[in-house]
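Undergrad: sequence and predicted structure are below.
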Amino acid sequence: MSFPDTIEIISTTFNNGGFDITWEKSNASDFDQYELYHSISETIDDSSMIYTSNNVDDVTYFMDNADPLIFNYFYIVVSDSFDYSTKSNIYTSSLDPKPIAIHVESVTYNNNSMDIFWSESQDTDFLKYELYMGSDTVNANLLETFNNKSIISYGIDDFDPHSHNYFRIIVYDTLNQSTKGNFLSNLIQPIPEAVNLDPIDSFGNELTIVWSPHPTTDFKRYNLYQAYDISMNNKEVIFTTTSRIENSYFSTDNDYETTYFFQVSMIDDWDYEVFSNIESIDPEYFTFIHNYDSGSEIDIGYHGVQTASGKYKMIGKTSSDVIMIGTDRAGTEPWFYNYNYGINESPVDLLETEDQAYVFLSNLTNSDADKDIRITKTDQSGNHLWDAVYGFIDPYDPAGGNANYGIDIANDISLTADGGYIITGQYNTEEGRHWDIWVLKLNASGEKENELLITAAPASERVMENGHAILETIDGYIILGSLAENELDGPSDIWLTRWDFNDVDQGDTLWSSTWDINTYDYPTDLITNLEGGYTITGYSSSTNSGEDGSSWIIKTDMDGVGTILQSFTGNNFIYSMIETESGDYILAGKKFEGSDSQGWIVSINQDGNQNWEKLYGGEDIESFYSVEQTGDKGFILTGETHSNGSSDIFHIKTDPNGNVLSED
């Protein structure tokens, strides 16, 4: 008789909350049973039988509700039919291992997402992955949890590739044991290079803003910001472009005396924005003083205008011809166009037409007994398009056509509502006879449509009428003239009259007003004022020498009733006048200081009070013959500067207060 062979426990495997216990099969021929004992004490003092079986092939058992995180002790007893038994060695379970660490294997990104990849857990008791993200390896936050072991990647669309984004995986088993993987971050996208903003270039209130183009294709757009303080608080985007080579912006209609601050940002493909330096600009009125010399000994500017493109055109005269002068917006790079009209022709006025061409009026002397007027149309470059010469046709001798006699003088031209022109001046069949105001109406092509003579008195009274300025009304004309007694250069008065198409007798006027300021009164300009009446200006003198005078401005109602608004003391002459949007009058001419005259510009308000006065010139003889308002509410003045027997064209651009901020 003998004891059964000893059998040993082969393994204890924790699974599903318990241990799978396996032992050797007994070889005893008289096998009776297995008895499995368990203890949590190393001395197995408190062991207890947890399983028994009489089936020799039954060599496994699952013990549930086990704690794998402490040591468990097992042994097995095998007995035979004679009740002999043998006991196995003590088998100690292993502590349940923590999950195998799962490391992030790669972090990649494109324009749309940043993708994190890791390997699949090999633990049979897997519970979950936790994905953490942080800007460093200390402060990472839970990004997502995955309960499916086969999920091994994740993508995010909110990320900054220009800085480190750190990721790690923590894996958990069913016992909630966890193992942390190592951190891995993305490769850094280089910080894009900021563009450089050039100093702002300005011309008046027009700003040209230029910056360096971004050098690489890692580019999405530019933003141009504008603010009103250097801190760029409350900045706003005024321009944006997705073109990398579009690196400039032209800003117009900015406010004068306001400081603007600009900054350009470049946004790359990853929406990372970098900012340029800050540049500021304080728009100032562009002004100038220029003299133009065509090469002739005598150059005189009669009338100047600012063109629709902001450049300047002037009509003038040299020692031998009528010329047009053109400049750029800065009044520089002058060019001269000669018309070959000869020494005996002088310009009067210049108009810019609706088709952006130019028309100028001139007087030509054929002989002492024959003078005519000419109207000329040119293109933008001064090139001759057409011209027409006119003299008054005497209705009593229409066949004569005034070809070889008659004194015809033009003093003013105005555009009409139908695109044509009206001209006023003076007519006499021969020198020394009665003079009348001559009105000539032309169509847009310079063809005569109508003409008439206007008189203030019968021929027997020998009143010499002269038309100095003309305006179109709905059904007629307003004419500013002068009345001289007995002789052409005799004492004269100011005459304002309205001629109506509805008058039966074309020589009659609807109403007339006269003013006698001094012995010799010389009206020069006429405008319709903002109140619907008329404003006239000129100068008066006690002599007819043309060397002393005092200017005045008269304001009337729509019926020509009015009085002197302002008189100017001293020796001064007003030749041109405009009214601004605010109702102020801007007057231009010359003013004598001793024996020298200077170009004179003065502003008065609607009540006749002087706003300001400016003089331009030096010790020479300067004079302004025309004033026009420019697009920036400043003024352009055209005239002459005369010294030592020669003269140049005098051309000045001022700010709205008549100031010249820079001189050449």
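TA: Received it, and whenever you're ready, just let me know what you need.
Undergrad: from here on, just use CA atoms for contacts and neighbour counts.
TA: Noted.
Undergrad: what residue is smack in the middle of this protein?
TA: By C-alpha atoms, centre = their mean, the chain has its centre lying nearest to residue 251, at 2.3 Å.
Undergrad: local confidence estimate at it?
TA: pLDDT, residue 251: 95.
Undergrad: make 493 the starting number, not 1.
TA: OK, 493 is where the count begins now, so the last one is residue 743.
Undergrad: what's the local residue count around the spatially closest residue to it that is not a sequence neighbour?
TA: Spatial nearest neighbour of residue 743, excluding adjacent residues (C-alpha to C-alpha, 6 or more residues apart in numbering): residue 699 at 5.0 Å. By the criterion of other C-alpha atoms under 10 Å, residue 699 has 19 neighbours.
Undergrad: does residue 699 really touch residue 692, like I thought?
TA: Yes. Assessed by C-alpha atoms under 8 Å, residue 699 is found in contact with residue 692 at 6.8 Å.
Undergrad: touching, residue 1029 and residue 1069? I think so.
TA: Yes. Here residue 1029 lies in contact with residue 1069, judged by C-alpha under 8 Å, at a distance of 7.2 Å.
Undergrad: the helix or strand encompassing residue 945: how far from the chain's middle?
TA: Following DSSP states H and E, one finds residue 945 within strand 940-946. Mean-position distance between strand 940-946 and its chain equals 49 Å (C-alpha atoms, centre = their mean, to the nearest Å).
Undergrad: hmm, who's touching the helix or strand harbouring residue 553?
TA: Element membership for residue 553 (DSSP H and E) is strand 552-555. Outside of strand 552-555, the residues within contact range by C-alpha atoms under 8 Å, 6 or more residues apart in numbering are 510-515, 543.
Undergrad: closest to residue 667 among those residues?
TA: residue 510 (11.2 Å; C-alpha to C-alpha).
Undergrad: identify the residues contacting the closest one.
TA: Contacts of residue 510 (C-alpha under 8 Å, 6+ apart): 554-560.
Undergrad: could these go into JSON lines alongside pLDDT and distance to residue 989?
TA: Supplementary listing: those in JSON lines, determined by pLDDT from 0 to 100; distance: C-alpha to C-alpha, whole Å:
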{"residue": "554", "pLDDT": "95", "distance to residue 989": "128"}
{"residue": "555", "pLDDT": "94", "distance to residue 989": "128"}
{"residue": "556", "pLDDT": "91", "distance to residue 989": "125"}
{"residue": "557", "pLDDT": "88", "distance to residue 989": "123"}
{"residue": "558", "pLDDT": "87", "distance to residue 989": "124"}
{"residue": "559", "pLDDT": "87", "distance to residue 989": "122"}
{"residue": "560", "pLDDT": "87", "distance to residue 989": "122"}
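Undergrad: save these as JSON lines, and put in distance to residue 1007 and neighbour count too.
TA: Output for the contacts of residue 510, formatted as JSON lines (distance: C-alpha to C-alpha, whole Å; neighbours: other C-alpha atoms under 10 Å):
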{"residue": "554", "distance to residue 1007": "132", "neighbour count": "19"}
{"residue": "555", "distance to residue 1007": "131", "neighbour count": "17"}
{"residue": "556", "distance to residue 1007": "128", "neighbour count": "13"}
{"residue": "557", "distance to residue 1007": "126", "neighbour count": "10"}
{"residue": "558", "distance to residue 1007": "127", "neighbour count": "15"}
{"residue": "559", "distance to residue 1007": "125", "neighbour count": "16"}
{"residue": "560", "distance to residue 1007": "124", "neighbour count": "19"}
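Undergrad: joint contacts of residue 1029 and residue 1069?
TA: By C-alpha under 8 Å, 6+ apart, the residues touching both residue 1029 and residue 1069 are 1017-1018.
Undergrad: now do the domain split for this structure, please.
TA: 501-584, 596-677, 698-773, 780-1146 (automatic domain parsing).
Undergrad: chain center to the second one, what's the gap?
TA: I take that to be domain 596-677. Distance, centroid of domain 596-677 to centroid of chain: 50 Å (C-alpha atoms, centre = their mean).
Undergrad: same check on the shortest one?
TA: Domain 698-773 has its average C-alpha position 12 Å from the chain's average C-alpha position, going by C-alpha atoms, centre = their mean.
Undergrad: please apply the same query to stretch 1017-1034.
TA: Centre to centre, stretch against its chain (C-alpha atoms, centre = their mean), the figure for stretch 1017-1034 is 39 Å.
Undergrad: got the end-to-end distance for that stretch?
TA: 20 Å (C-alpha to C-alpha, to the nearest Å).
Undergrad: what's that stretch in contact with?
TA: With C-alpha under 8 Å, 6+ apart as the contact definition, stretch 1017-1034 has outside contacts at 960-963, 972, 1009-1016, 1040-1052, 1064-1071, 1075.
Undergrad: follow-up on the earlier one: what's in contact with the strand holding residue 945?
TA: 884, 919, 928-935, 998-1001.
Undergrad: sheet partners, orientation included, of the strand holding residue 553?
TA: Sheet pairing here is set by DSSP bridges, and for strand 552-555 it gives strand 510-515 (antiparallel).
Undergrad: what is the subsequent helix or strand relative to the partner strand?
TA: The helix or strand immediately downstream of strand 510-515 is strand 523-531, counting by DSSP H and E.
Undergrad: give me the buried positions along that following strand.
TA: 523-531 (16 or more other C-alpha atoms under 10 Å).
Undergrad: so what secondary structure elements neighbour it?
TA: strand 540-545, strand 565-572 (3 or more C-alpha pairs under 8 Å, 6 or more residues apart in numbering; DSSP states H and E).
Undergrad: out of the ones you listed, which comes closest to residue 841?
TA: strand 565-572 (123.0 Å).
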